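Peer 1: sharing a model that was predicted from the sequence below.
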Number of protein chains: 4
Amino acid sequence: MTELSLGAARQILDSQPFSGLVGARITEFGDGDAVLEVDVREELTQQNGFLHGGVVSYAADNALTFAAGTTLGPAVLTGGFSIQYVRPASGRTLIARASVVHTGRRQAVVRCDLYTADDTGTETLCAVAQGTVLSARPT
Amino acid sequence: MTELSLGAARQILDSQPFSGLVGARITEFGDGDAVLEVDVREELTQQNGFLHGGVVSYAADNALTFAAGTTLGPAVLTGGFSIQYVRPASGRTLIARASVVHTGRRQAVVRCDLYTADDTGTETLCAVAQGTVLSARPT
Amino acid sequence: MTELSLGAARQILDSQPFSGLVGARITEFGDGDAVLEVDVREELTQQNGFLHGGVVSYAADNALTFAAGTTLGPAVLTGGFSIQYVRPASGRTLIARASVVHTGRRQAVVRCDLYTADDTGTETLCAVAQGTVLSARPT
Amino acid sequence: MTELSLGAARQILDSQPFSGLVGARITEFGDGDAVLEVDVREELTQQNGFLHGGVVSYAADNALTFAAGTTLGPAVLTGGFSIQYVRPASGRTLIARASVVHTGRRQAVVRCDLYTADDTGTETLCAVAQGTVLSARPT
């Protein structure tokens, strides 16, 4: 595999139209870890003004996949994930921190903690996720 | 609880700005079931032209929650869900069919099958999900 | 792969010492489906007299894996699963019915419904599960 | 709620016949954490000599539940969990370390890391899990 740089990871994210629609950015990438951030705005909310769960699950899905990309390379397929919401999400920025807990030749198992940061930078946990990502390379 | 009609469910969906951004609609609602549809467009894809997994997970999350709303009423909190992607999603329309498998006073357990329909209406399974939704009513 | 018969599946189950300790049997096997049964006895319960969740999760894990074996062959590795308990389990027999929802060359996605049957044979849903099983064959 | 001591938690475990059949013990309990251990023996294995996945999932289920008991009290119901196996488990002792990541009045979200320790005490990760546990107290 080709080891990916943060710059290369950002290029991949930029080539995902849906990530552009949501407004996601990668702020850390390497050594089994990836951090994805989304600025909260009214378009991303649900009927009560909180961040829509679908935005949180998008961030979990994508952060898990990028973290796996640091160990499996760029050709990966997300197998699936489980997410538990711990409180309604509000604040200025959604931050998804994903870390590979184990990687093999064929798949990686990854966890993700999802926080919202308020205007002072104080972070509050809003969800936790874990999932598996498969290598899409011919084996 | 107040039993919700399809019309009332559509009003709730319409009051979710993120569902408007994605372009979701409810086509069935009642008796433990809800169907959510999203027309596939370029803005919703990932880097290889397939529907982004985050769109599929958004649809699972929201369809599960609406299905639970048919038994728990409008005041619900999604506890979490697990999703497994079975193939890359492409086609004309994403269809999320969710059904309550058990409901109690405090929570419902719901499953969701996610399909894409092509121009001829032929449906192909792209993911399966299951989750729990909590009643938010004071007990 | 070698297609497995019900008899061959039973031999595999019989060669699992833990399945013997629990007292599991396979009653159906083939075409993407597997049914595993466990007779409820005091040794399998928790502190309130219900079947221990660990017995239910064992049955889900093993039924998922056997169902995948009908499509992937005997050399499989269970990747993981998600289980939601819908009510405390009691009765005469625990019945885990698993069905493959999608199978590829490398992995199968499987769902499982878990029931308890009482003395009259009436079945009550106690849990639902879904998981992934990987082919362990060299590819 | 009554805060539980390690001794009280051990009494609850001892009153679970299935935990006796498996041979589980609690080695730490308090402040959101619980550690459950199971000595590996031939009766707990599958057909290839590894620890059966059902033993690992039992340990995850029970450790999650005990960890939640440190914050929710003794009357709890396990809602469900997701487990990903990262490698076949072998060694001398299975160790399930569970920690509450968030607790509310009605439910706790808990993660669990599962290791096997060999004769030298060296630990190897074999699975990760996360789940939800509900308070069973009248509210």
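Peer 2: Received it, and whenever you're ready, just let me know what you need.
Peer 1: does chain B have contacts with the lengthiest helix in chain A?
Peer 2: Using DSSP state H to define each element, chain A has its longest helix at helix A:53-72. Yes - judged by Cβ under 8 Å from any Cβ of the partner chain, helix A:53-72 and chain B are in contact via A:G53, A:G54, A:V55, A:S57, A:Y58, A:A59, A:A60, A:D61, A:N62, A:T65. C-beta here means a position set from N, CA and C on the backbone, and glycine is covered the same way.
Peer 1: starting at the chain centroid, how far to that helix?
Peer 2: Centroid separation for helix A:53-72 versus its chain: 3 Å, with Cα atoms, centre = their mean, to the nearest Å.
Peer 1: what do you get for stretch A:64-76?
Peer 2: Per Cα atoms, centre = their mean, the centroid offset for stretch A:64-76 relative to its chain is 11 Å.
Peer 1: what's in contact with it?
Peer 2: By Cβ atoms under 8 Å, 6 or more residues apart in numbering or on different chains, the surrounding residues in contact with stretch A:64-76 are A:1-4, A:8-9, A:12-13, A:26, A:29-34, A:36, A:78, A:81, A:98-100, A:103, A:107-108, A:110-112, A:129-131, A:133-137, B:53.
Peer 1: among those residues, which are in reach of chain D?
Peer 2: Contacts with chain D are made by A:R111, A:Q130, A:G131 out of the contacts of stretch A:64-76, judged by Cβ under 8 Å from any Cβ.
Peer 1: just checking: what are the partner strands of the helix or strand the second one falls within?
Peer 2: If I follow you right, that is A:Q130. A:Q130 is part of strand A:123-135, with elements assigned from DSSP states H and E. Using DSSP bridges, the strands paired with strand A:123-135 in its sheet are strand A:76-85 (antiparallel), strand A:107-117 (antiparallel).
Peer 1: between helix A:53-72 and the longest one, find me the angle.
Peer 2: Regarding strand A:107-117 and helix A:53-72, their directions subtend 140 degrees when assessed with axes from the mean of the first three to the mean of the last three Cα atoms, to 10 degrees.
Peer 1: residues near the closest residue to A:Q84 other than its chain neighbours, how many?
Peer 2: Using Cβ to Cβ, 6 or more residues apart in numbering or on different chains and skipping the chain neighbours, the partner closest in space to A:Q84 is B:G80 (3.6 Å). Look at B:G80: counted by other Cβ atoms under 10 Å in any protein chain shown, it has 29 neighbours.
Peer 1: would you confirm that A:G49 contacts A:S90?
Peer 2: Yes - the pair A:G49 and A:S90 qualifies as a contact (Cβ atoms under 8 Å) at a distance of 7.1 Å.
Peer 1: which one of those two has more residues nearby?
Peer 2: Taking other Cβ under 10 Å, A:G49 and A:S90 do not tie; A:S90 has more neighbours (16 against 10).
Peer 1: might one say that that one is in contact with A:V55?
Peer 2: No - with contact defined as Cβ under 8 Å, A:S90 does not reach A:V55; the gap is 11.7 Å.
Peer 1: turn the residues of helix A:53-72 next to chain B into a markdown table, columns for neighbour count.
Peer 2: Listed next are these as a markdown table, based on neighbours: other Cβ atoms under 10 Å in any protein chain shown:
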| residue | neighbour count |
| --- | --- |
| A:G53 | 28 |
| A:G54 | 28 |
| A:V55 | 28 |
| A:S57 | 29 |
| A:Y58 | 31 |
| A:A59 | 30 |
| A:A60 | 29 |
| A:D61 | 30 |
| A:N62 | 29 |
| A:T65 | 26 |
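Peer 1: for those residues, give me JSON lines that also has pLDDT and distance to B:V86.
Peer 2: Below are the residues of helix A:53-72 next to chain B laid out as JSON lines (pLDDT from 0 to 100; distance: Cβ to Cβ, whole Å):
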{"residue": "A:G53", "pLDDT": "97", "distance to B:V86": "22"}
{"residue": "A:G54", "pLDDT": "97", "distance to B:V86": "20"}
{"residue": "A:V55", "pLDDT": "98", "distance to B:V86": "23"}
{"residue": "A:S57", "pLDDT": "98", "distance to B:V86": "17"}
{"residue": "A:Y58", "pLDDT": "98", "distance to B:V86": "19"}
{"residue": "A:A59", "pLDDT": "98", "distance to B:V86": "22"}
{"residue": "A:A60", "pLDDT": "98", "distance to B:V86": "19"}
{"residue": "A:D61", "pLDDT": "98", "distance to B:V86": "15"}
{"residue": "A:N62", "pLDDT": "98", "distance to B:V86": "19"}
{"residue": "A:T65", "pLDDT": "97", "distance to B:V86": "16"}
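Peer 1: just the closest of the ones next to chain D among the contacts of stretch A:64-76 to A:P17, please.
Peer 2: The shortest approach to A:P17 among these belongs to A:G131, at 22.2 Å (Cβ to Cβ).
Peer 1: ok, and the closest non-adjacent residue to A:S82?
Peer 2: D:S82 is the one closest to A:S82 (Cβ to Cβ, 6+ apart), at 3.6 Å.
Peer 1: cool, A:A136 as well?
Peer 2: A:A75 (4.2 Å).
Peer 1: quick one, phi/psi of the one you found?
Peer 2: When read as degrees, to the nearest 10, the backbone of A:A75 gives phi -90, psi 90.
Peer 1: tally of neighbours for it?
Peer 2: 14.
Peer 1: what of A:T122?
Peer 2: With other Cβ under 10 Å as criterion, A:T122 counts 10.
Peer 1: and it, backbone torsions?
Peer 2: With angles defined as degrees, to the nearest 10, A:T122 sits at phi -70, psi 130.
Peer 1: can you name the residues bridging to A:A96?
Peer 2: A:L36, A:L114.
Peer 1: ok, it touching A:N62?
Peer 2: Yes - judged on Cβ under 8 Å, A:A96 makes contact with A:N62 at a distance of 7.4 Å.
Peer 1: now for those two: what residues contact both?
Peer 2: A:L36.
Peer 1: got a list of what the residue nearest the centre of chain A touches?
Peer 2: Centroid-nearest residue in chain A, with Cα atoms, centre = their mean: A:A63, separated by 1.8 Å. Each residue near A:A63 by Cβ under 8 Å, 6+ apart is listed here: A:A34, A:V35, A:L36, A:A96, A:R97, A:A98, A:C112.
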